[in-house]
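In: Let me see the structure of the following:
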Amino acid sequence: MAGNEWINGYLEAILDVGSGNMKKRNDGKFKIAKFDQMKEDKLFSPIKYFVEEVTNSFDESDLHKTWVKMIATRNTRERSNRLENMCWRIWHLARKKKQIAWDDAQRLARRRLEREQGRNDAADDLSELSEGEKEKGEPNQSEPVKDIARINSDMKLWSEDDKPRQLYIVLISMHGLVRGENMELGRDSDTGGQVKYVVELARALANTKGVYRVDLLTRQITSPEVDSSYGEPIEMLSCPSYDSGSCGAYIIRIPCGPQDRYVPKESLWPWIPEFVDGALNHIVNMARALGEVNEGKPTWPYVIHGHYADAGEVAAHLSGALNVPMVLTGHSLGRNKFEQLLKQGRHSKEHINATYKIMRRIEAEELGLDAAEMVVTSTRQEIEEQWGLYDGFDIKLERKLRVRRRRGVSCLGRYMPRMVVIPPGMDFSHVTAQDSLEGDLKSLIDSDRTQNKRNLPPIWSEIMRFFTNPHKPIILALSRPDPKKNVTTLLKAFGECQPLRELANLTLILGNRDDIGEMSDSSSSVLTNVLKLIDKYNLYGQVAYPKHHKQSEVPDIYRLAAKTKGVFINPALVEPFGLTVIEAAAYGLPVVATKNGGPVDILKVLNNGLLVDPHDQKAIADALLKLVSGKNLWTECRKNGLKNIHSFSWPEHCRNYLSHIEHCRNRHPTSCLEITPIPEEPMSESLKDVEDLSLRFSIEGDYKLNGELDAINKQKKLIEAITQMASSNGNASVTYSPGRRQMLFVIATDCYSFNGQLTETFQEIIKNVMKAGGQSLGLGRIGFVLATSSSLQEIMEALRCCQVNIEDFDAIICNSGGEMYYPWRDMVVDVNYEAHVDYRWPGENVRSMVMTLARAEDGAEDDISEYIKASGSRCYSYSIKPGAKTRKVYDLRQRLRMRGLRCNIVHTHAASRLNVTPLFASRTQALRYLSVRWGIDLSKMVVFVGGRGDTDYEDLLAGLHKTIVIRGSVEYGSEKLLHSEESFKREDVVPQESSKISFVEENYEARDISAALAAMGIK
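Out: Predicted structure coming up:
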């Protein structure tokens, strides 16, 4: 236990920092004037540093003793009074921190128990195999999980010699500043390694034989804060040769969200539906264009690949709308970050969620798992320790399902995405593997080296100036100054190992800095500790720590370390992948790396170094000493690294990537979405007469002297003829054709009484919307769609009392998007739509389970019962007894995911009914389906909703379509059953301000709706 003198020292330091920065408040007391400003400017705050040191380093009892001591020894001096007050506040801060940590630990424990229960339930159901199947051998779940192979034995390797393919691949990376050249990596927290990775992946795939076109979709940014290049709609990434048979790779920038400012990724969530719609329009147009050279059929994407949580959600919706496979790469995961922040105990769950929108991010990642065929990871550690935290993935259950599929045994409606390890590729074209180990270095360190070093990289001189003896091998560490990178442990290991200090120098490349005091708290703390340790162990002349380096100089830094026959070390506490380990190997450097994370897999392939426990100083020193002093071992590791480095090249990455995708596509539905061709208007007899008349004019008409046709006479006669024929056919009906509609008006108001019955308001809104549409554009130019959670029978009964024929609707979306009907054609369910949304539908396997899982823990057996009358093949409806306690959408979906069941959950009919539909079946997705099938741009749709509604109400508000909110039309909604305490809030889904959302106040007469339409430019 720490002594109180240390605490007193910290508290005195706080007072010293605060003195001179005090000003009086209105109540006469003092406060620290610059504290808020420091916090706001994100500069290093000594006060915050000392307070965190006290709360993190000392026991609560020590803090209490210090406070008691200050009370006992207090006097009238202002400093002592302040110290006493500060002791009390910090003591309570420490207690609050402990309570937060305790509450969060309890919450995480409960969630793990629930997840374990769900997975046990699924395992019990799946374990019921016949004796013959059991003899085939279930995998022994008690054994540790074996290495995950990159290519399975039953998987066909991607070959460029196979039959010619013309693949169209879509990559999505939504946030950050994305461009092909002069990438501004590190400009902000959103523009980092992911941007570089997706750009290089797009180029590499486009250069792979069989891939015709690659589109990288990102957000268009026209803000004056950033370069104008980020506002260009299209940017070519690779220009293929004429005979390559490829169209190349392109960055496609989709307008999304506010155009006048740069939006960080934490604030982009409400604009995701708009990005989805814009991306869908682009893909459909591109599919049409590519299909013109493919027998006229649309060329749909071979795969849609989302990068990070936001793009993963976009890819999930696009995959559902187009029925094509989806791949997900997490890059970094929200649930892992959330638990790490909670363990630190510095912030409450509410504060973390408000800052990082972490619950919204986690739900996007869960949705990505629901929809993904395959999840690409860099390491096994990412699968087991990070994705394993999610409700939607369990490695044991995934392996069990894979075995059952291979045997042809039913999986009982359960699905798990396939996790594959495909390390990121690298471009080694600029690496000279046979770089001489002598030569340049001698020129640099010779006594008379002024003339010779002119042609050497400037960074070499910058590093070498630190060393007393530059002939020694260099131990190189390259990372940002982050506590997780564990640089201080490396310094301690070096400083306390005398043989290592005698044999080698240490170079620390820790980002760029001008003033440590102006850096973030964590970075400044690391760099301060580094300087203290150098001084403590008297490492001057043995450690280099340059202030600046350029990204372009990093290869030269690796080359310098290799020329001195040095070693690269990555001592991170946990390294998700370890790109620097691969980079070092490419330049012939043996490595010492952490045993926690990606380097384990990397070194198995490269066989060019040693793994160490990052917490063990002696192990780190011994490994470095072994490589530096053992010339034969050093040479062997260098050769192995250079020989095996091709395994991490981009061509190898693309071959592995495409092989896995081809394997996954074999289990994906083969039905492709078709675009209804716009029929040509048959020429009526009257129009033929006009054509004949026009032809006669061209022959018999009056001519001018120069032989030209008298245009005035011709125009006059044409108008007369057309007017006469139009009047004779004035009562002819308009032939319906969905492709000829200029707009679609979608009525989606959830008008239910307190007991869940459709109200008269529902009928009034239908009539008034149709009337307003006719007044604005004319009925022939507008199609009407009814989107509701009721069954078709319930809708028909409601419309009988109203002066609207059901045939007036172009489409009816029933059962929360579970069914689609076309009254103009027939009243039979659209079987193509049913097949389209059928993917991953558990069907009968989920039917009875919902009633058990949806009931609250203390609920009665008959609280929820199946409502057969409203159920269908793609929607199971359940009646909820009045006053019964049921689980909210978030909780129920979570419990279904834990059991491998993927569904869409909607509470409807004023919370008196629950609809369960396939994952890709919803009212919003149904509109996207119609947009593609009928060729109507989503921006040409107007959706009418109430001020509240079913639990899918929020999804209808955002997107490219225009939304008119009719306030006062819905008295009873179901939104109370949407978000739980663990989930995100409405402001994370719906934009707070949007030009695409308009309101009709209380009154919903046709004239009011017409006025709202006119205000949005629809007239």
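
In: Next up, the contacts around Ala1014.
Out: Ser776 (Cβ atoms under 8 Å, 6 or more residues apart in numbering). Where you see a C-beta, it was placed from the backbone N, CA and C, and this is true even at glycine.

In: Ramachandran angles for it?
Out: With angles defined as degrees, to the nearest 10, Ala1014 shows backbone torsions of phi -60, psi -40.

In: for His317, same thing?
Out: Backbone torsions of His317, given as degrees, to the nearest 10, read phi -70, psi -40.

In: Pretty sure it sits against Val276.
Out: Yes. The pair formed by His317 and Val276 meets the contact definition of Cβ atoms under 8 Å, at 4.6 Å.

In: For the residue lying closest to Gln117 once chain neighbours are set aside, give me its contacts.
Out: In space, and not counting its chain neighbours, Gln117 is closest to Met898: 7.6 Å by Cβ to Cβ, 6 or more residues apart in numbering. Neighbour list for Met898: Glu114, Arg115, Gln117, Gly118, Arg119, Ala122, Asp391, Asp394 [criterion: Cβ under 8 Å, 6+ apart].

In: Ok, Gln542 next?
Out: Phe467, Thr468, Arg501, Asn505, Leu506.

In: Mind checking what secondary structure the most centrally placed residue in the chain has?
Out: For the chain, the residue nearest the mean C-alpha position is Ala309 (1.7 Å; Cα atoms, centre = their mean). Applying DSSP: H, G, I helix; E, B strand; the rest coil to Ala309 yields a three-state assignment of helix.

In: so it touches Gly368, yeah?
Out: Yes. Counting by Cβ under 8 Å, Gly368 is a contact partner of Ala309 at 7.0 Å.

In: Quickly list what's touching both of these two.
Out: Common neighbours of Ala309 and Gly368 (Cβ under 8 Å, 6+ apart) are Gly330.

In: distance of Ile620 from Met416?
Out: Distance, Ile620 to Met416, by Cβ to Cβ, to the nearest Å: 38 Å.

In: Kindly apply the preceding question to Lys357 instead.
Out: For Lys357 relative to Met416 (Cβ to Cβ), the value is 27 Å.

In: Could you do Met851 as well?
Out: Met851 sits 24 Å away from Met416, going by Cβ to Cβ.

In: ditto for Pro298
Out: With the distance defined as Cβ to Cβ, Pro298 ends up 31 Å from Met416.

In: Over to Ser267?
Out: From Ser267 to Met416 the distance is 32 Å (Cβ to Cβ).

In: Repeat that for Val530.
Out: For Val530, the distance to Met416 - Cβ to Cβ - is 44 Å.

In: Those two: who's more crowded?
Out: Shown here are Val530 and Met416; by other Cβ atoms under 10 Å, Met416 has more neighbours (23 against 20).

In: Next up, the contacts around the spatially closest residue to the more buried one that is not a sequence neighbour.
Out: Distances taken as Cβ to Cβ, 6+ apart place Glu398 nearest to Met416, at 3.8 Å, with adjacent residues excluded. Residues in contact with Glu398 (Cβ under 8 Å, 6+ apart) are Met416, Pro417, Arg418, Met419.

In: Among those residues, which one has the most neighbours?
Out: Counting neighbours by other Cβ under 10 Å, Met416 comes out on top of the contacts of Glu398 with 23 neighbours.

In: Confirm that one sits in a helix?
Out: No. Assessed by three-state DSSP, Met416 does not belong to a helix; its assignment is coil.

In: Distance-wise, check it relative to Arg404.
Out: Met416 is 11 Å from Arg404, where distance means Cβ to Cβ.

In: With Phe338 instead?
Out: 33 Å.

In: thought Asn607 was touching Asn644?
Out: Yes. Using Cβ under 8 Å as the test, Asn607 is close enough to Asn644 to be in contact (6.6 Å).

In: how about stretch 789-806: buried residues?
Out: Neighbour counts over stretch 789-806 (16 or more other Cβ atoms under 10 Å) mark Ser789, Ser790, Ser791, Leu792, Glu794, Ile795, Ala798, Leu799, Val804, Ile806 as buried.

In: now stretch 282-301
Out: Applying a neighbour-count criterion of 16+ other Cβ under 10 Å, one finds His282, Ile283, Val284, Met286, Ala287, Leu290, Gly291, Pro298, Thr299, Trp300, Pro301 buried in stretch 282-301.

In: mind checking how far the last one is from Ile557?
Out: Pro301 sits 40 Å away from Ile557 when distances are taken as Cβ to Cβ.

In: Same question for the fourth one.
Out: According to Cβ to Cβ, Met286 stands 42 Å off from Ile557.

In: What count of nearby residues applies to Pro499?
Out: As a burial measure, Pro499 scores 12 neighbours (other Cβ under 10 Å).

In: same deal with Glu496?
Out: Counted with other Cβ under 10 Å, the neighbours of Glu496 add up to 13.

In: what does Thr852 give?
Out: 11.

In: Looking at Phe338 and Arg404, which is more packed in?
Out: Applying other Cβ under 10 Å to Phe338 and Arg404 shows that Phe338 carries more neighbours, namely 21 against 18.

In: I'd say that one and Ile362 touch.
Out: Yes. Taking contacts as Cβ under 8 Å, Phe338 lies within contact range of Ile362: 6.9 Å.

In: For Ser865, which non-adjacent residue is closest in space?
Out: Looking at Ser865 with Cβ to Cβ, 6+ apart, the closest residue is Ser879, at 5.4 Å.

In: Now that neighbour, what are its backbone angles?
Out: When read as degrees, to the nearest 10, the backbone of Ser879 gives phi -90, psi 130.

In: beta partners for it?
Out: Note on Ser879: beta-bridge partners by DSSP bridges are Ser865, Arg913.

In: Do I have it right that it meets Arg913?
Out: Yes. The pair Ser879 / Arg913 is scored as a contact, 6.0 Å apart, by Cβ under 8 Å.

In: quick one: common contacting residues for those two?
Out: By Cβ under 8 Å, 6+ apart, the residues touching both Ser879 and Arg913 are Tyr867.

In: can you pull out the helices in the stretch 751-900 of the chain?
Out: When assigned using DSSP state H, counting those that start in this stretch, the helices of the stretch 751-900 of the chain occupy the ranges 760-776, 792-800, 831-837, 844-854, 889-898.
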